[in-house]
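Student: starting from these lines, generate the structure:
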Amino acid sequence: MFAIIGIVVVVGAVLGGYLMEHGQIKVLLQPAELIIIGGAGLGTLLIANPLPTVIAIGRGVLAVLKGSQYTQAFYLETLKMLNDLFMQARKQGMVKLEEDIENPEKSQVFSKYPSFLANHHAVAFICDTLRMSISGGVPPFDLDQMMEMDMEVHHAEASRPVSAMATVADSLPGLGIVAAVLGVVITMQALGGPPEEIGHKVAAALVGTFLGILLCYGFLGPIAANLQKIHDAESDYLRCLRQGVIAFVKGSAPVLAVEFARRSIPNELRPSFKDFETACRGKREASTEAKSA
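Tutor: Numbering: from 1, shown residues only. Predicted structure coming up:
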């Protein structure tokens, strides 16, 4: 949401300042320049990256426009999910969790948290680790190393679209110059004609440079930076899951394991212990009332 507001502010500030100096909007409407810059930028993206990276960029842009899902409420739901999962394992045994991790969609625990189930990597991150723990013979240190390696691989993979978008953004000013040079060539062909026509072609050439710089520093560059922050937020979320799972596998009580997870959440998103306790207590009371009824 803030990304959309930022785009509106950029467009409004640029056009507002231009109109204050009595500029004409129609002069900036140069479809040919936009096709040259946008088409060449898209071409460089396709040349430099495989199709999965291009698709990931499209998904990343949509994620930036929607805003990050990793809010305090989302983290609170995750802590409740971990608490339910660990409590069930403590009461019924780790082997009982095999039913949950083999079919997360049908799990009595995971099915109550659709937001978590929608994050397929996070689901696999937890289920694969618990599967190795249930199989036996894997010490907590090795599980921790595996989770850390998984996070590193995922972070490297998630960084590729960011790097690709940043590279395209950096190329746009140069492509704007290409469009401007082509405009100058066309202007040279019109020498000797009416001054109004020459002025129009010079303006069109300069618009090419303007669009290249604006698209780079006003749109694609900031979007790439925002996308990197979203990936960093996802890494923070995976670290929260990792801390909770490893603490429980080491033998910590469910409430202590969840507290390890809570303490690893960034301060601005971390639910207070009281909020977490209230949420869990309210859920237990609702469950008790449902059984009584």
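
Student: number of residues surrounding residue 161?
Tutor: 24 (other C-beta atoms under 10 Å). (Each C-beta comes from the backbone N, C-alpha and C, glycine too.)

Student: enumerate every residue touching it.
Tutor: Shown in contact with residue 161 (C-beta atoms under 8 Å, 6 or more residues apart in numbering): 53, 56-57, 60, 227.

Student: next structured bit after the helix or strand hosting it?
Tutor: Taking DSSP states H and E as the criterion, residue 161 maps to helix 140-189. Heading C-terminal from helix 140-189, the first helix or strand you meet, by DSSP H and E, is helix 195-214.

Student: other SSEs contacting that next one?
Tutor: Contact analysis of helix 195-214 by 3 or more C-beta pairs under 8 Å, 6 or more residues apart in numbering; DSSP states H and E lists helix 25-28, helix 31-48, helix 140-189 as its packing neighbours.

Student: list of residues touching stretch 224-235?
Tutor: Here stretch 224-235 makes contact (C-beta under 8 Å, 6+ apart) with 3, 60-61, 63-64, 68, 70, 151, 154-155, 158-159, 161-162, 165-166, 169.

Student: of those residues, buried ones?
Tutor: 3, 60-61, 63-64, 68, 70, 151, 154, 158, 161-162, 165-166, 169 (16 or more other C-beta atoms under 10 Å).

Student: quick check: the farthest pair among these?
Tutor: Farthest apart among the buried ones among the contacts of stretch 224-235 by C-beta to C-beta are 151 and 169. That separation is 26.9 Å.

Student: gap between residue 267 and residue 236?
Tutor: Counting by C-beta to C-beta, to the nearest Å, the gap from residue 267 to residue 236 is 11 Å.

Student: the helix holding residue 161 vs helix 31-48, what angle?
Tutor: Counting by axes from the mean of the first three to the mean of the last three C-alpha atoms, to 10 degrees, helix 140-189 lies at 140 degrees to helix 31-48.

Student: could you give the average pLDDT over helix 140-189?
Tutor: Average pLDDT, helix 140-189: 91.

Student: center of this protein - which residue?
Tutor: Compute the mean C-alpha point of the chain, and by C-alpha atoms, centre = their mean the closest residue is residue 230, 3.5 Å away.
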